[in-house]
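Novice: how does the following fold in three dimensions:
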Amino acid sequence: MPLPAGPLQRLGFLTIGSFDLADPGPGHESLLAEIVLGEELGFDSAWLRHRHFQPGVSSPVAVMAAASQRTSRIHLGTAVTPLGWENPLRLAEDLATVDLLSGGRVEPGVSVSTPMRWEDVKDALYPDTADAEDFGYERVLRLQRFLRGDPASRFSGTAGIEVFTDTVTPHAEGLSDRLWYGGASLRSAAWAGEHGLNLLASSVVRYEGEETADDPADPAEYDFARLQAAQLQAFRAAHPAGDQARASQGLVVIPTDSATPAQREKYAAYVAARTPRTARPQGPGRLLFAPDLLGPAEEIAEQLQAHAGYREVREVVFALPFGFEHDDYVQILTDTATRLGPALGWSPSR
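Specialist: Numbers count the residues shown, from 1 in each chain. Below is the predicted model of the structure:
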């Protein structure tokens, strides 16, 4: 079995931060408690998904601000913030502020495309400019420039008794170097590399092979690990830092070592319900979903070491499953940090 070139260096987890729509407070408190637990267990990073009009975190920057005051070491990221919902200038101010409050621990991950359910939300989101908005890569580059400290205003100086700068304030040194792009295609992975970004390799990739209804592709073509590895290779080939460019792998990983029989039954049912969508590309976007990894930590470690995508990275952001209870997340996080991580050669940060 081919093994990675070296031990896992950074271990992170990703969560949607589920809550009850009728009583959202407890869910947000549980999320913060899980981030605190992650730090106690030695995780290097905790990442937040971004959801709108759903029972998941809609304002990751606000949650990161709260988490920054309850933790001291763990890095805090977004995976990912869809920039179609954001003004890059205002987002840069918020990210820089939280980065300073956290002591330089923010890892902003972003993506671009037309906002989800565009026809339903565009009148509320962009009532006057919906038809003129550009949801392409330039939105990322604007954010990158603002975080870097490039001019954002035509004026700097004193007006009356007030002082103005032409750059985003506060400036958070080094934050632009921690900007990540979440790509799902070879093109987006290479683009991220060309522009010096870090890459979040997702548990969803775009299938870019040929297929027709009468002549479907060989099922072997739908090898998620191979496609993810190709994206990571394209990213590093285009990045100025080459093999040293930062990239992380994302998969849903559920170790069961300390799980109760009831938890194992629930986890198995969750994975079984999601597995059919991994057999073929889904929808008009031809998206291919990664199989979830479920079982004892040692078995998952063997699966990862044989995974072409995993062998391309030295850091991972494992996603927590959706809709589970706080106790389930405590068990999964604990087993990930105390069993799976060490099986992959990782050592907890203290």
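Novice: name the residues that touch the strand or helix carrying L31?
Specialist: Assessed by DSSP states H and E, L31 sits inside helix 24-41. Contacts of helix 24-41 with the rest of the structure, by CB atoms under 8 Å, 6 or more residues apart in numbering, involve 13, 15, 17-20, 46, 55, 57, 63, 66-67, 70-74, 76, 326, 329-330, 333-334, 337-338, 348. Placement of C-beta: from N, CA and C, glycine included.
Novice: what sits against the closest residue to P255 other than its chain neighbours?
Specialist: Spatial nearest neighbour of P255, excluding adjacent residues (CB to CB, 6 or more residues apart in numbering): D335 at 3.9 Å. Residues counted as contacts of D335 (CB under 8 Å, 6+ apart) are 255-259, 297.
Novice: how about a cut-off of 7 Å?
Specialist: 255, 257-258, 297 (CB atoms under 7 Å, 6 or more residues apart in numbering).
Novice: let me have those in a markdown table, adding secondary structure as columns.
Specialist: Conversion of these to a markdown table gives the following (DSSP: H, G, I helix; E, B strand; the rest coil):
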| residue | secondary structure |
| --- | --- |
| P255 | strand |
| D257 | coil |
| S258 | coil |
| A297 | helix |
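Novice: hmm, which of those residues are the buried ones?
Specialist: Of all the contacts of D335 considered here, the ones buried according to neighbour count by 16 or more other CB atoms under 10 Å are 255, 257, 297.
Novice: so the first one makes contact with R339?
Specialist: Meaning P255. Yes: using CB atoms under 7 Å, P255 makes contact with R339 at a distance of 6.0 Å.
Novice: mutual contacts of the two, please.
Specialist: Both P255 and R339 are contacted by A297, under the criterion CB under 7 Å, 6+ apart.
Novice: quick one: mean pLDDT over the helix holding L31.
Specialist: The average of the pLDDT scores along helix 24-41 is 98.
Novice: ok, now stretch 148-158?
Specialist: Mean pLDDT, computed over stretch 148-158, is 98.
Novice: most remote residue from the middle of this protein, which is it?
Specialist: Farthest-out residue of the chain from its mean C-alpha position, per CA atoms, centre = their mean: G160, at 44.4 Å.
Novice: ramachandran angles for G183?
Specialist: Main-chain dihedrals, G183, degrees, to the nearest 10: phi -110, psi 150.
Novice: which residues touch it?
Specialist: For G183, the contact set (CB under 7 Å, 6+ apart) comprises 189, 192, 199, 231.
Novice: helix/strand/coil for the residue nearest to the second one when sequence neighbours are not counted?
Specialist: Using CB to CB, 6+ apart and skipping residues adjacent in sequence, the residue nearest A192 is Y181, 4.0 Å away. Under the three-state scheme (three-state DSSP), Y181 adopts strand.
Novice: shaky segments in the stretch 51-200 of the chain?
Specialist: Counting by pLDDT under 70, the stretch 51-200 of the chain has no low-confidence residues at all.
Novice: quick one, strands of it?
Specialist: In order along the chain, the stretch 51-200 of the chain carries the following strands (DSSP state E, counting those that start in this stretch): 75-78, 81-82, 106-107, 109-111, 157-159, 162-164, 180-183, 198-201.
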